[in-house]
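Asker: quick one: sequence plus predicted model below, questions after.
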Amino acid sequence: MSGKTLLLFVLSVFLGSFLPIAPLFAVSVAADIPSGGEKVELGISEYTDIGNRGKVDNPVTELDKDKQRKFTTDHTRLKELQGPFNSGPEVTRACLGCHNTAGHQFIKNKHWTWKYTHPVTGQKLGKSVLINNFCTNARGNEGMCAQCHAGYNMKDSNFDFSNEENIDCLVCHESTGTYYKTPPTRGNKACSVMFEGKQPIDWVNVAQHVRLPARSNCGTCHFFGGGGDNVKHGDLSSVLFHPPRDVDVHMSEDGENFACIICHVGEGHEWSGSRYNMIAKDEKEHARPRPGMERETATCESCHGDKPHPLSVKGLKLNDHVDRVACESCHIPSFARGGVATKIDWDWTTAGRLRNGEGYREEGYQQGNGEWRHTYKSIKGSFKYAENVVPEYRWFNGVMRYTTIDTRFDPDKPVNINYFSGDPQDKNSRIWPFKRMHTRQPYDKGNNTLVYMHLWGDDDAAFWGNYDFAKAIKVGMEKNGIPYSGEYGFIDSYSWWPINHMVAPKEQALACDECHSREGRLKEVRGFYMPGRDAPRWLDLLGLLMVAGSLGGVAGHGLLRMLLAGRRKN
């Protein structure tokens, strides 16, 4: 610990703690490729990459065979799974024959319904209604976006949510690494070739090799949200399939080797943890259950308790921080680690440029693992990326509020796609780390609302093929019965993503002076007093004198006792 850090720490003891999915498009010409030259690409590579990266992970069991779960069923021997099967729904029908309540449970969860009513704000949320500042809207584009729906045959919003045989059991449970999903409808003329050359799915084999979900199952969709690897969240990327220990100490096979469901515990096909309604401060009385045991929440406290640091002078002070600082703020020093970048800026205004009458792409960013990322696509516009990103920090009480399709706003100000509640006077608030995403995206210039765009489809109105904003917005709004003025413009928007993953080993946690300094990480987080940041220099000097005086007094007292003890012996 440096002298400055020690001083700040001791000062804090005296002065107190601080207070209160990527679309497909027509034949595209790759431009500005680093190796030189141009190449024609049919479809687009991002979604053909969705799925397992490298060997399938075996969470918890890979390093310690004593932890191997003792399953009571060998699915390879069940007569119901001997086939033949010709489709996913046929496999699901066989699954539900034995797991006869699973379907009733599953059709109620958000992975299936794409709907959620916020218990605090009352807002109607979920992929079926929300607008984002990535690919903008899943609604109306189910023919592509439903590639990451936990079901089969969702072609549009008229999907039959009561048909349990359309549940995709395999996407969460198969363990071979050979299963993949395709878009449920055709896009433009080139999109049908996206999965050409892939081996047909062996339905009997994947049906017979099922298990509890592993990282390779959950990550198939969650690591690729927003149109590519780590595009959206910043802390969820393909590196988490097999992360090094310094990227994620919980998921690493050299660390705890956790599956996602160790923290996101499932009960009746509902999983703990939600981006819509988070628990920013967990005050429940936990018995500190072992990982994997039933509990209601996916919070740090649910395993580590609210006093996670060892009993020592430093540990006591660190535990005093837990009340107002999220564990993630200190233990996730940066996100987009491990060589996979995250998207931080998206400009839709440049979309639609053509070469020889066709869309094209440019690869202008090489990320840490050596792979090149697209910095321009005719179907989407221009992008910027970043790695090892220091988060934004804000007060947060877990309640997110969203700008929806009917929200009217001031067009002279940026739009917060989502924004958060929290302040230092709110007992449920703590300082949290966030990724902030900036986008320049279309809006209804007459009504001052956001818009639904018709992006995907095998028709002349789909933007991913015709590159016509006016037509794509008009059809997107009409198909969903939303008033549209007929005039569109572009507006700056921001979305905020709480950072939860990529927890570093404890030895890499932030040092005290990274926050307790005038130019530290929390310099923009106001509304409270923080030692080292807010104190005038004379107060720092006074504190130093107090520390020196206290130490001198203790040392003098000890020396005096030693002298007196020596005299008494004489």
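Answerer: Received, thanks.
Asker: and the lengthiest strand in the chain, what other elements does it pack with?
Answerer: For the chain, the strand with the greatest residue count under DSSP state E is strand 430-444. Contact partners of strand 430-444 among helices and strands, from 3 or more Cβ pairs under 8 Å, 6 or more residues apart in numbering; DSSP states H and E: helix 327-331, strand 342-347, strand 392-396, strand 449-450, helix 469-479, strand 488-498. Bear in mind the C-beta positions are built from the backbone N, C-alpha and C, glycine included.
Asker: could the ones you listed be laid out in CSV, adding mean pLDDT, mean neighbour count and distance to residue 95?
Answerer: CSV is the format used below for the helices and strands packed on strand 430-444 (pLDDT from 0 to 100; neighbours: other Cβ atoms under 10 Å; distance: least, Cβ to Cβ, whole Å):
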stretch, mean pLDDT, mean neighbour count, distance to residue 95
helix 327-331, 97, 21, 36
strand 342-347, 98, 21, 36
strand 392-396, 97, 21, 39
strand 449-450, 98, 26, 39
helix 469-479, 97, 20, 34
strand 488-498, 98, 19, 34
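Asker: redo those as CSV? Include distance to residue 262.
Answerer: Converted to CSV, the helices and strands packed on strand 430-444 look like this (distance: least, Cβ to Cβ, whole Å):
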stretch, distance to residue 262
helix 327-331, 16
strand 342-347, 24
strand 392-396, 24
strand 449-450, 37
helix 469-479, 40
strand 488-498, 19
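Asker: any idea which of the ones you listed gets closest to residue 145?
Answerer: Nearest to residue 145, of all the helices and strands packed on strand 430-444, is helix 469-479, at 13.1 Å by Cβ to Cβ.
Asker: which other helices and strands contact that closest one?
Answerer: Right, helix 469-479 is packed against strand 430-444, helix 463-466, strand 488-498 by 3+ Cβ pairs under 8 Å, 6+ apart.
Asker: check the offset of it from the chain's centre.
Answerer: 30 Å (Cα atoms, centre = their mean, to the nearest Å).
Asker: which strand or helix spans the residue nearest in space to the middle of the chain?
Answerer: Closest residue to the average C-alpha location of the chain: residue 233 at 3.6 Å, with Cα atoms, centre = their mean. Assigned by DSSP states H and E, residue 233 belongs to neither a helix nor a strand.
Asker: kindly report the same for residue 171.
Answerer: helix 170-173.
Asker: what helix or strand does residue 217 sit in?
Answerer: Going by DSSP H and E, residue 217 is part of helix 215-222.
Asker: got it, and residue 145?
Answerer: helix 142-145.
Asker: show residues contacting that helix.
Answerer: 21, 23-24, 127, 135, 138, 149, 154-157, 159, 183-187, 455-457 (Cβ atoms under 8 Å, 6 or more residues apart in numbering).
Asker: how about low-confidence regions in the stretch 1-150 of the chain?
Answerer: Regions of the stretch 1-150 of the chain meeting the criterion pLDDT under 70 cover residues 1-55, 60-70.
Asker: wait, the stretch 401-550 of the chain
Answerer: Ranges of the stretch 401-550 of the chain meeting pLDDT under 70: 537, 539-540, 543-544, 547.
Asker: circling back to that earlier point, any chance of the helices and strands packed on helix 469-479 in a markdown table, plus distance to residue 108?
Answerer: Below are these laid out as a markdown table (distance: least, Cβ to Cβ, whole Å):
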| stretch | distance to residue 108 |
| --- | --- |
| strand 430-444 | 29 |
| helix 463-466 | 33 |
| strand 488-498 | 25 |
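Asker: mind checking which of those is nearest residue 88?
Answerer: helix 463-466 (25.2 Å).
Asker: packing partners of that closest one?
Answerer: By 3+ Cβ pairs under 8 Å, 6+ apart, helix 463-466 packs against helix 469-479.
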